[in-house]
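Student: Show me the folded form of this:
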Amino acid sequence: MSGLWSGEYRYDTDGTCVAFTAMLTEIDGRLCGTTLEPVTFGPMLGCEPEYDATVRGDRCGQHVLLSKRYVPETGIIQPDLIYCGSVDASFSLFTGRWSFSEDARISGTFSLSRVATRTGASLAVQLAAGA
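Tutor: Residues are numbered from 1 along each chain as shown. Predicted coordinates for the structure are as follows:
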């Protein structure tokens, strides 16, 4: 699962769709990483272009469970978001459902497609920086 992923999450209530990216690192089935998404809600609406969040989780076979928390600088104080889903056999598509850890009534679906492996993503960052 290590690498750069791009996709979207949707709200069940009204179908609102938000694009986001995730940079994931996997070591022995443990996952960690970061996400970026446009500011569409919260205290930074109209002030910042993107929100950062950290993710941690586990993969067992094709099943993946991630916990997402916005970084303190965003000013978002809420329970963790839980992303539960599966990755396809080629590890190029990750889909499933998300909800708040303390309130499953606010929920939706998500889909992420692999953009690059971790090595490929690192090379792209270096090339963009002129290294």
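
Student: Return the set of buried residues in the helix or strand residue 51 falls within.
Tutor: Using DSSP states H and E, residue 51 falls within strand 50-60. For strand 50-60, a neighbour-count test (16 or more other C-beta atoms under 10 Å) marks 51, 53, 55, 57, 59 as buried. In short, each C-beta sits where N, CA and C put it, glycine included.

Student: Mind giving me the packing neighbours of that strand?
Tutor: strand 17-27, strand 30-38, strand 63-70, strand 81-87 (3 or more C-beta pairs under 8 Å, 6 or more residues apart in numbering; DSSP states H and E).

Student: Redo the ones you listed as TSV? Include mean neighbour count, mean pLDDT and distance to residue 10.
Tutor: Formatted as TSV, these follow (neighbours: other C-beta atoms under 10 Å; pLDDT from 0 to 100; distance: least, C-beta to C-beta, whole Å):
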stretch	mean neighbour count	mean pLDDT	distance to residue 10
strand 17-27	17	96	5
strand 30-38	17	97	13
strand 63-70	19	97	15
strand 81-87	19	97	13
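
Student: Need those in a markdown table (columns: distance to residue 114).
Tutor: Below are the helices and strands packed on strand 50-60 laid out as a markdown table (distance: least, C-beta to C-beta, whole Å):
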| stretch | distance to residue 114 |
| --- | --- |
| strand 17-27 | 10 |
| strand 30-38 | 13 |
| strand 63-70 | 13 |
| strand 81-87 | 9 |
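
Student: and which of the buried residues of strand 50-60 is nearest to residue 87?
Tutor: residue 59 (7.3 Å; C-beta to C-beta).

Student: before we move on, back to that, now do the strand holding residue 51: everything it contacts.
Tutor: Under the contact criterion C-beta atoms under 8 Å, 6 or more residues apart in numbering, strand 50-60 has outside partners 1, 22, 24, 26, 29-39, 42, 44, 64-71, 73-74, 76, 83, 87.

Student: and what of stretch 13-21?
Tutor: 4-10, 35-38, 40, 106, 108, 115.

Student: List the contacts of stretch 71-81.
Tutor: Contacts of stretch 71-81 (C-beta under 8 Å, 6+ apart): 42-44, 48, 51-54, 67-70, 98-103.
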